[in-house]
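J.: coords please:
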Amino acid sequence: MNAALVWSKAWEEGQLSDEVLADRIGELISTDVGARGFFVISLASDSPILDRLPEAVVIQLRLSGERIVDLVIRNLAMSTAMAIQHEREKNLTQKESSKKISYRCKELLLLLDPRIVKVKLETLLEATKGHGDYVEFLERWGYDKDQLIAISESINSIFYG
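T.: Residues are numbered from 1 along each chain as shown. Model (predicted):
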């Protein structure tokens with residue numbers, strides 16, 4: 001995670017080219033731990049890397065295929081559900097942070113392999129109804145009916161704009 005922070009900052013300051021950043025991110029996301037760390041930093045931080053993603057980085061993310069799509073979709077579900085939880089707790093700062101992560105996930109999914117994204121989103125949508133591969137993931141976090149509805153709506157907003 002520290003490497004992702006350093007690289008993001010260097011890129012923001014113009015000290016790292018898009019291509020070098022993409023190569024370093026490619027190395028980082030080649031492992032599950034590295035990929036999770038990259039997304040923890042890039043989705044939640046103030047770094048604008050995911051808000052103006054260089055084409056070279058998009059290519060690296062697309063090359064990682066299903067694994068990266070799966071990770072982004074899980075982050076979409078979690079951030080969407082947590083925005084509901086933070087709203088209930090009247091924690092508006094955390095709610096806005098979760099909404100920002102959800103938005104970034106949606107935007108990123110539009111850049112990844114559309115076939116993989118479609119299949120994974122449909123699978124997550126089915127899981128919100130109690131069927132499919134992501135059911136265990138959703139149950140592990142104990143999301144309630146309102147959170148599952150919010151996740152469904154988030155998915156549908158990607159499909160239907």
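J.: the longest helix anywhere in the chain: what's the following helix or strand?
T.: Longest helix in the chain by number of residues (criterion: DSSP state H): helix 66-88. Note on helix 66-88: by DSSP states H and E, the next helix or strand toward the C-terminus is helix 92-109.
J.: who are the contact partners of the residue nearest to L109 when sequence neighbours are not counted?
T.: Excluding its sequence neighbours, the residue lying closest to L109 (C-beta to C-beta, 6 or more residues apart in numbering) is V117, at 5.1 Å. All C-beta atoms are positioned from the backbone trio N, CA, C, and that covers glycine. Going by C-beta atoms under 8 Å, 6 or more residues apart in numbering, V117 touches V69, I73, L109, L110, I158.
J.: now the helix or strand hosting the last one and helix 66-88, what's the angle there?
T.: This points to I158. For I158, the enclosing helix or strand under DSSP H and E is helix 145-160. Interaxial angle of helix 145-160 relative to helix 66-88 (axes from the mean of the first three to the mean of the last three C-alpha atoms, to 10 degrees): 130 degrees.
J.: so for helix 145-160, what's the average pLDDT?
T.: Throughout helix 145-160, pLDDT has a mean value of 96.
J.: next, the angle from that helix to helix 92-109.
T.: Helix 145-160 and helix 92-109 are oriented at 40 degrees to each other (the same axes, to 10 degrees).
J.: quick check: pLDDT value at the residue nearest to L109.
T.: Note on V117: pLDDT of 97.
J.: tell me the SS of it?
T.: helix (DSSP: H, G, I helix; E, B strand; the rest coil).
J.: can you list the weak-confidence ranges in the chain?
T.: Residues of the chain that meet the criterion pLDDT under 70 lie in 1.
J.: please name the nearest non-neighbouring residue to A10.
T.: In space, A10 is closest to L16, 4.1 Å off (C-beta to C-beta, 6+ apart).
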